[in-house]
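Colleague: starting from these lines, generate the structure:
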Amino acid sequence: MGIMSCACPKVQSSKFKVQSPNLISHSSLLSTPNTQHPTPNTPSGGFLTITFTGDMLFDRGVRRVIQQHGYDWLFSPSVDSVFRSSQYVVGNLECPATRRGYPMYKRFMFRADPECLDALQRHGVTHLNLANNHSIDQNREGLTDTRNNIIRAGMTPFGADTTMAAAQQPLLLTHLFPHRGARGASGASPRPVYMFASLQMALENYTYLPDTPSPSMFTTDSLARHISLLRSEQPNAYIIVCLHWGAEHTLTPLPQQRMQAHQLVRAGADIIIGHHTHTLQTIENFEGHPIYYSIGNFIFDQTRPINTRACMVKLTITPTDAHAETIPVTIRNCVPHVDAVKQPVDADNTPN
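Modeller: Presented below is the predicted three-dimensional model:
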């Protein structure tokens, strides 16, 4: 497995603060880094801020909103403010953005116009995750074209590529360098920040052809081995794992998911950020590492209360430390808004 090059925090204490009301209940594999898709606004200092959002859809009900109001209307001032304060913004693109390809035979099938990508880039999104169950909705040609369109729009795609092996590569986001004069800075190595992405479910009417364009799909054991090897090769790395998984429209993870998440943390993952359920699920602190089982929707057309509560995760990473902040979001008429009232919650209170 190679490393894509293109930046998050290691939670070193046993606690981290979650900003949100009422959330807690609910050969070698490594090779030379791939630098073919440089990321804009690459951090040059000793820290990185990166914000993660949930599912982004630009079809169905969201398409009707776009036709009435335009793309920019989907970005509320409160969300724009969070994006502006972040060096990187990572979203899960829940639809192909292409005019090519042909529809898969499946129950829910989406296609967005590529112009949505220009709007995302204009509002500060830097990375789009394609390791989800809708990236292949317009077959492999649509997946490839979506990836190319993201690059043309000035962002970095990850979690899908020309082959399964390429899609599974960890994305190298940046290196964080200790400040001169800082304690322990003399002789300290820069801290690399990596991101894995994986679709953790079977795809509807999808033929597994690993030598063709594919989204990233790992078994838990395989992903754990990749993480463990990266950790052994680069002990001071910060490793982010993005998973598309879980049971839709539920508020808690499946017992199997909790076992899998704990396995990945023990293998070396610093943080796990999940989506797919279209709901905000449990946030767990496991051995000092945050696990967001699902951060919910973001730009989406579902209107049930369970589907309109979500969060963003804002990470601040330094060469030696990290902090995760949960930013609660409410979605109204497809538009995400940051909740006005934030209440700190200790993630150690998450049910075990």
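Colleague: which residue packs closest to Arg140, ignoring adjacent ones?
Modeller: Beyond its immediate neighbours in the sequence, the residue positioned closest to Arg140 (C-beta to C-beta, 6 or more residues apart in numbering) is Pro213, lying 4.3 Å away. No exception for glycine: its C-beta is placed from N, CA and C like everyone else's.
Colleague: break down the protein into its helices, ranges please.
Modeller: In chain order, the chain shows helices spanning 61-69, 77-84, 115-122, 139-152, 164-167, 220-233, 255-267, 305-308, with DSSP state H as the criterion.
Colleague: follow-up on the earlier one: got a list of what the residue nearest to Arg140 touches?
Modeller: Contacts here follow C-beta atoms under 8 Å, 6 or more residues apart in numbering; on that basis Pro213 touches Arg140, Glu141, Leu143, Thr144, Arg147, Ala160, Asp161, Thr162, Thr163.
Colleague: tell me how many other residues crowd the second one.
Modeller: Going back to what we said before, that points to Glu141. The criterion is other C-beta atoms under 10 Å. On that basis, Glu141 has 14 neighbouring residues.
Colleague: again with Pro210
Modeller: Other residues near Pro210 come to 12 when the count uses other C-beta under 10 Å.
Colleague: just Gln263 next, same as before
Modeller: Using other C-beta under 10 Å as the criterion, Gln263 is surrounded by 15 other residues.
Colleague: and stretch 294-302, what's its mean pLDDT?
Modeller: For stretch 294-302, mean pLDDT rounds to 98.
Colleague: setting the sequence-adjacent residues aside, check what's closest to Glu94.
Modeller: Asp55 (4.3 Å).
Colleague: bridged to the one you found, which residues?
Modeller: With DSSP bridges as the criterion, Asp55 is bridged to Asn92, Asn297.
Colleague: gap between Pro77 and Phe83?
Modeller: Relative to Phe83, Pro77 is positioned 11 Å away (C-beta to C-beta, to the nearest Å).
Colleague: do the same with Met195
Modeller: Counting by C-beta to C-beta, the gap from Met195 to Phe83 is 18 Å.
Colleague: could you do Pro336 as well?
Modeller: Distance, Pro336 to Phe83, by C-beta to C-beta: 11 Å.
Colleague: next: Phe47.
Modeller: Taking C-beta to C-beta as the measure, Phe47 and Phe83 are separated by 17 Å.
Colleague: where does this protein have low pLDDT?
Modeller: Applying pLDDT under 70 to the chain flags the ranges 1-45, 180-187, 341-352.
Colleague: could you rerun that using 80?
Modeller: For the chain, applying pLDDT under 80 flags the ranges 1-45, 179-188, 205, 341-352.
Colleague: run the angle between the longest strand anywhere in it and helix 77-84 for me.
Modeller: The strand of greatest length in the chain, counted in residues with DSSP state E as the criterion, is given as strand 322-332. In terms of direction (axes from the mean of the first three to the mean of the last three C-alpha atoms, to 10 degrees), strand 322-332 departs from helix 77-84 by 150 degrees.
Colleague: before we move on, back to that, Met195 and Phe83: which is more packed in?
Modeller: Each of Met195 and Phe83 has its neighbours counted (other C-beta under 10 Å); Met195 has more, 27 against 19.
Colleague: didn't that one look like it was pressed against Leu243?
Modeller: No - between Met195 and Leu243 there is no contact under C-beta atoms under 8 Å: 11.5 Å.
Colleague: okay, buried residues for stretch 219-227 please.
Modeller: Along stretch 219-227, these residues count as buried under the neighbour rule (16 or more other C-beta atoms under 10 Å): Thr220, Leu223, Ala224, His226, Ile227.
Colleague: what's the answer for stretch 135-152, then?
Modeller: Across stretch 135-152, burial judged by 16+ other C-beta under 10 Å covers 135-140, 142-147, 149-150.
Colleague: hmm, who's touching that stretch?
Modeller: With C-beta under 8 Å, 6+ apart as the contact definition, stretch 135-152 has outside contacts at 37, 93, 95-104, 106, 109-111, 114, 117, 128, 130, 156-157, 159-162, 203, 206, 212-215.
Colleague: now list the buried members of those.
Modeller: So, of these, 37, 93, 95-98, 100-101, 104, 109-111, 114, 117, 128, 130, 156-157, 159-161, 203, 206, 213-215 end up buried under the neighbour-count rule (16+ other C-beta under 10 Å).
Colleague: for the most centrally placed residue in the chain, give the beta-bridge partners.
Modeller: In the chain, the centroid-proximal residue (C-alpha atoms, centre = their mean) is Cys242; its distance is 5.0 Å. For Cys242, the residues forming beta bridges with it (DSSP bridges) are Ala197, Ile273.
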